[in-house]
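> sequence? don't have it. structure:
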């Protein structure tokens, strides 16, 4: 059974994760999770990882490690994680097919979890 990726990283995102890890002591990578909040119902959370947690999914690209919290997996399935620098904001961007709407600030999104069947077919 082939291992599938919950999310994919663009070159820019992988580079940025590498930069973050390089400047923090004991950092392994970053963890992406979701929490309830914001005007659209959910927000992405990004934390520094100094030790892997059981149950985390690991996505690697060019040595950059992104851990995905287990409760976020169904919400992030098929997402592309990018890093962009614009005049208004600098940060990670999630191009998420499970997103049904977002608020104007771009910080908060409405997400519908992928069906567990999608997880099963992606894993096979």
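Arrived safely, thanks for sending. All of these numbers come straight from a predicted model, not from anything done at the bench.

> okay, CA-based contacts and neighbour counts for the rest of this
Noted.

> for the spatially closest residue to residue 38 that is not a sequence neighbour, give me its contacts.
The shortest distance from residue 38 to any non-neighbouring residue, by CA to CA, 6 or more residues apart in numbering, is to residue 108 (5.1 Å). Residue 108 makes contact with 37-44, 102, according to CA atoms under 8 Å, 6 or more residues apart in numbering.

> can I get these in a markdown table including distance to residue 62 and secondary structure?
What follows is these, written out as a markdown table (distance: CA to CA, whole Å; DSSP: H, G, I helix; E, B strand; the rest coil):
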| residue | distance to residue 62 | secondary structure |
| --- | --- | --- |
| 37 | 32 | coil |
| 38 | 33 | coil |
| 39 | 35 | coil |
| 40 | 33 | coil |
| 41 | 33 | coil |
| 42 | 29 | strand |
| 43 | 27 | strand |
| 44 | 23 | strand |
| 102 | 30 | strand |
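
> now the longest helix along the chain: how far from the chain's centre is it?
Counting residues, the longest helix found in the chain (DSSP state H) is helix 11-23. Centroid separation for helix 11-23 versus its chain: 14 Å, with CA atoms, centre = their mean, to the nearest Å.

> out of the contacts of residue 108, which comes closest to residue 28?
Of all those, residue 28 sits closest to residue 44, with 19.4 Å by CA to CA.

> surely the closest one and residue 38 touch.
No: contact criterion CA atoms under 8 Å: residue 44 and residue 38 do not qualify, at 10.0 Å.
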